[in-house]
Structures are given as C-alpha cells and as structure tokens.
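**Student:** Generate a structure from the sequence data that follows.
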Amino acid sequence: MSVLDWLRQRPDGLQGIDDEMQRLIVDFSLLWMYFEANYLGADGSPDVLMQLAKKLDTPELQDWAGIEHPFKYFQTRYLTDGKPSSHFGDLQLAKKWQEIVENGLLAPTSFRQQLEVCLLIMNRYRNNLFHGPKWLARFEGDRDNLAHAIDLVIGIIHMHDRGQIQ
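**Tutor:** Below is the predicted model of the structure:
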C-alpha cells in the first residue's frame, strides 16, 4: 500500500483534502526537495535564499515576467488596505524576515526586493508544510499558494539551467 493510500484511510489523514490539493502538496514537496538539493546546496535557509536573490539581480533578469504574477498574488494575499492581512501572521516569519517581507510587499522598489519577498514566503510554505502547521490547518486556502510557489520555483530553475544564474 502506498503512503498516500494509507493516509487516505486514516481518520486524521487526508479526509477532506481533495485529489488536486493532495497533488499540489506532493508536487511542491518533491520540487522543493529537488530545488534545495540541486540549486541551494542542500540549504534552503532564508540566508541562502537571499544570496540566490542577489545572484538573480542582474540586468538581463530584471525584466523577468515570471516574478510579476506570484508577487502580485502574494501582495493581494498578505496585504489588506496597506496593512498585513490576517494571513500574514500564518507565515510565522522570524522578526528579521518579517520586516523584509512586509516592507517589500508594501513598497517594492526593485526586482530583487520582489524576489526576496517571494523566496521568503516560499520558504515559510516549505517550513509550515514540512513541520506540521499546514497539516493541522488542513491546508485551508493553500491551493493557490502552492500553485504560485511551484510556478516560481520552476521558473527559477529554468533560468539557472539556461546559464543565467552562476
């Protein structure tokens, strides 16, 4: 029996989590593990992600359209009337990173700042997913979160593979 089948049979398992959401959870988990191992030196910490944002901050990438859609989505999700939304606290950002994300969402001034915001939010999805809070919350409202995060990670990997990141 597969682990997914086993979890589907448990009362505290995957009941109430539809097939599409289960696929997104598995896809994001596998993709993040691949990304972290192959593109982040097996270290997906915020500091390493900030180094990646710095590497990506080149003139030839600053017009990368792949950042616009996820960044706008994160702005809409995590800001309400110019203030952090009720979802912002769910990210459980450390104070140091909370300021970077909040300031970047409120008044982004550069491609790099937008990328930092997106990478830090994705890092929290990873941590919250891998360490349990998402399970306890039953992945409420996470369908779009994971879909945007998956698209962004794949875009970054494609840039790297085309030799645009050293």
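**Student:** Arg126 is in contact with Trp32, correct?
**Tutor:** Yes - counting by CB atoms under 8 Å, Trp32 touches Arg126, with 5.1 Å between them. C-beta coordinates here come from the backbone N, C-alpha and C atoms, glycine included.
**Student:** what's the overlap in contacts for the two?
**Tutor:** Residues touching both Trp32 and Arg126 (CB atoms under 8 Å, 6 or more residues apart in numbering): Gly44.
**Student:** Do you have the helices of the chain handy? List them.
**Tutor:** Ranges of helices in the chain, per DSSP state H, are 3-9, 19-39, 46-56, 68-78, 95-106, 111-130, 133-136, 143-161.
**Student:** which other residues reach the worst-scoring helix or strand of the chain on mean pLDDT?
**Tutor:** Within the chain, no helix or strand scores below helix 133-136, which has a mean of 76 by mean pLDDT, DSSP states H and E. Helix 133-136 has contacts (CB under 8 Å, 6+ apart) with Asp90, Gln92, Tyr125, Asn128, Asp142.
**Student:** Any of those buried? List them.
**Tutor:** Asp90, Tyr125, Asn128, Asp142 (16 or more other CB atoms under 10 Å).
**Student:** of these, the lowest pLDDT goes to which?
**Tutor:** In terms of pLDDT, Asn128 ranks lowest among the buried ones among the contacts of helix 133-136, with 87.
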